[in-house]
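Undergrad: Predicted model, plus sequence, below.
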Amino acid sequence: MNFYPIDLKTWPRAQMFYYFSQMAPTGYSLTVSSNSFRKRWMLLIQKPFDL
């Protein structure tokens, strides 16, 4: 797959691209549930590696 730079001066959708990339940027968020107690407990009881 090849990618080519777009000339924003001649591209018909340049105005829409500008609006959505600069004037109204979008963001995403993600929420997950996690049992942090178990993870923390596992970190606390880990023994260091013997070298």
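TA: Perfect, I can see it now.
Undergrad: C-alpha from now on. contacts and neighbour counts both.
TA: Fine.
Undergrad: Report the secondary structure state of the residue most central in space within the chain.
TA: In the chain, the residue lying closest to the centroid (C-alpha atoms, centre = their mean) is Tyr28, at 7.9 Å. Three-state assignment for Tyr28 (DSSP: H, G, I helix; E, B strand; the rest coil): coil.
Undergrad: Could you pull out the helices in this protein for me?
TA: Using DSSP state H, the helices of the chain run over residues 14-18, 36-45.
Undergrad: Pick the most deeply packed of the ones you listed.
TA: Mean neighbours per residue, mean count of other C-alpha atoms under 10 Å, is largest over the helices of the chain for helix 14-18, with a mean of 12.
Undergrad: so what does that helix touch, helix or strand wise?
TA: Judged by 3 or more C-alpha pairs under 8 Å, 6 or more residues apart in numbering; DSSP states H and E, helix 14-18 has no packing partners among the helices and strands.
Undergrad: gap between that helix and the chain center?
TA: Relative to the centre of its chain, helix 14-18 is centred 22 Å away, using C-alpha atoms, centre = their mean, to the nearest Å.
Undergrad: can you list the residues that contact that helix?
TA: Residues outside helix 14-18 that contact it (C-alpha atoms under 8 Å, 6 or more residues apart in numbering): Leu8.
Undergrad: what does the average pLDDT come to for that helix?
TA: Here helix 14-18 scores 91 as its mean pLDDT.
Undergrad: Only alpha carbons, please: show it as PDB.
TA: Extracted in PDB, the C-alpha atoms of helix 14-18 (Å, rounded to 0.1, in the frame of the first residue of the first chain):
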ATOM      1  CA  ALA A  14      -9.800  20.200   2.500                       C
ATOM      2  CA  GLN A  15     -12.300  22.500   4.200                       C
ATOM      3  CA  MET A  16     -14.100  19.500   5.900                       C
ATOM      4  CA  PHE A  17     -10.700  18.000   6.900                       C
ATOM      5  CA  TYR A  18      -9.600  21.300   8.400                       C
END
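Undergrad: From here on, call the first residue 418.
TA: In the new numbering, first residue 418, that becomes helix 431-435.
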